[in-house]
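Q: Please find the sequence and the predicted model below.
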Amino acid sequence: MSAQVMMKMETKDWMAEAAALADAFALKAAEHDANDAFVAENFAALKRAGFFSAHVPAELGGGGLSHREMCGIIRRLARGCGSTALAFSMHTHLVSLAAWRWRNEGAPTDGLLKRVAGEGLTLVSSGGSDWLKSAGTATKVEGGFRINAKKVFSSGSPAGDLLMTSAVYDDPQAGPTVLHFGVPFKAEGVTILPTWRAMGMRGTGSNDVELKDVFVADAAISGKRPQGKWHHLFHAISMIAFRLVYAAYLGVAEGAKAQAAEIAKKKVDENVTYLAGEMETAFAGAEMALEDMMRLAETAKPGPETTNRTFMGRTLVGQGAIRTVERAMELAGGASFYRAIGLERAFRDVQGARFHPLTEKAQARYAGRVALGLDIDG
């Protein structure tokens, strides 16, 4: 990257540009929602503006933005289009994890980060659907593995360049072992199945991706771990990823809150003030929880306690965001039931906060086992 380009990226007002893009994205958000259409043009605009490489360290050719800055950008984008922000967060959290591991653990992730910056790669995660157990099979063959799997909730897949995923190898010595690797979407045997017809976040393109006898070389395996067990990698993922994902839901709630307040100002009475206060309080709780998650990513180290605190935050942000939008609809009154207003779309979009790992019951179980001094893998 030339010194001139680097200087331009350093002086760029990223938040102002994110706000301008979010306002533009808002104009077509209803159309994407109504047509179950992937936000392809929004992704293209974000890529042209440099946001897909903004979180790559400057030393590796990227914008060098901090995780806190990226959370703010995702939150602002979500005020305009929740689907764009959520799908973008999935690319961003993969970049964020790679950057954190490179900077803090000396992991050899610099090659991937340089490709994101230099080639403009879009990374797609299957982690939410895989989690600790993973899904699919890896069969050993000469020089590598043959992968057969179906990966659901692969957000951003229509624009994806590299699927960051995993599969299970039945290792003769170690037993069921999860292998982590990246697969180009152009690789033979990779098919995007157009399955994404959902309640909300309809523009994320979170389709199933089928891997049929896809060859992955031994050298492409980036990590191995026992199936179903907490591993250092997943403590790092938990600490890094979920602040970015849940920034999108907080942004959806923030947009709904602002819209409802404007509507309610025209009909102020005692009931309206109570609803407005409840809405503001719910949002404040979610915002505080996200702040705590960001602080952890800045100051903590991956491990069981950090994961526990992070997922408590994930639950609190999700609950607060959902409650905020519920109160926003009540505050706006019957008008919120009309699609044209956009609040019912926010209501549907924010429900997605329920379904990312760790879901509320799983999170409560994890927190309970930590509190009682029990094995978290039990």
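A: It's in.
Q: Please, where are all the helices along the stretch 101-250 of the chain?
A: Counting by DSSP state H, counting those that start in this stretch, the stretch 101-250 of the chain has helices at residues 110-119, 127-130, 232-264.
Q: what's the most buried one of the ones you listed?
A: The highest average neighbour count among the helices of the stretch 101-250 of the chain, using mean count of other Cβ atoms under 10 Å, belongs to helix 232-264 at a mean of 24. Quick note: C-beta positions are derived from backbone N, CA and C, even for glycine.
Q: And that one, what does it pack against?
A: If contacts are counted by 3 or more Cβ pairs under 8 Å, 6 or more residues apart in numbering; DSSP states H and E, helix 232-264 sits against helix 67-80, helix 82-105, strand 221-226, helix 270-299, helix 304-332, helix 343-350.
Q: mind putting these in TSV, distance to Ile240, mean pLDDT and mean neighbour count included?
A: Shown next, in TSV, are the helices and strands packed on helix 232-264 (distance: least, Cβ to Cβ, whole Å; pLDDT from 0 to 100; neighbours: other Cβ atoms under 10 Å):
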stretch	distance to Ile240	mean pLDDT	mean neighbour count
helix 67-80	7	98	24
helix 82-105	5	98	25
strand 221-226	15	95	16
helix 270-299	6	96	17
helix 304-332	9	98	23
helix 343-350	23	98	24
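Q: Now render the ones you listed as TSV, adding distance to Asn42.
A: Formatted as TSV, the helices and strands packed on helix 232-264 follow (distance: least, Cβ to Cβ, whole Å):
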stretch	distance to Asn42
helix 67-80	9
helix 82-105	4
strand 221-226	29
helix 270-299	23
helix 304-332	21
helix 343-350	15
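Q: quick one: which of these is nearest Ser155?
A: When those are compared for distance to Ser155 using Cβ to Cβ, the nearest one is helix 82-105, at 4.4 Å.
Q: For the closest one, name the packing helices and strands.
A: Here helix 82-105 touches helix 14-35, helix 40-48, helix 67-80, helix 110-119, strand 123-125, helix 232-264, helix 343-350, going by 3+ Cβ pairs under 8 Å, 6+ apart.
Q: Could you say which one of the helices and strands packed on helix 232-264 comes nearest to Lys186?
A: helix 82-105 (17.3 Å).
Q: tilt between the closest one and strand 221-226?
A: Compare the direction of helix 82-105 with that of strand 221-226 by axes from the mean of the first three to the mean of the last three Cα atoms, to 10 degrees and you get 90 degrees.
Q: Please find the angle between the direction vectors of helix 82-105 and helix 40-48.
A: 30 degrees.
Q: Tell me how far Lys150 lies from Gln227.
A: 17 Å (Cβ to Cβ, to the nearest Å).
Q: Then Glu262?
A: According to Cβ to Cβ, Glu262 and Gln227 sit 51 Å apart.
Q: quick one on the thing from earlier: of the helices and strands packed on helix 232-264, which is nearest Glu360?
A: Closest of these to Glu360 is helix 304-332, at 5.5 Å (criterion: Cβ to Cβ).
Q: and the closest residue to Glu280 other than its chain neighbours, what does it touch?
A: Spatial nearest neighbour of Glu280, chain neighbours left out: Lys257 (7.4 Å); criterion: Cβ to Cβ, 6 or more residues apart in numbering. With contact taken as Cβ atoms under 8 Å, 6 or more residues apart in numbering, Lys257 is in contact with Met279, Glu280, Phe283, Thr324, Val325, Ala328.
Q: okay, Lys257: pLDDT?
A: pLDDT for Lys257: 98.
Q: Next: Gly160.
A: According to the prediction, Gly160 has pLDDT 98.
Q: I'd assumed Ser125 was in contact with it.
A: No - contact criterion Cβ atoms under 8 Å: Gly160 and Ser125 do not qualify, at 9.6 Å.
Q: overlap in contacts of these two?
A: Counting by Cβ under 8 Å, 6+ apart, the common neighbours of Gly160 and Ser125 are Ser154.
Q: Cheers, nothing more for now.
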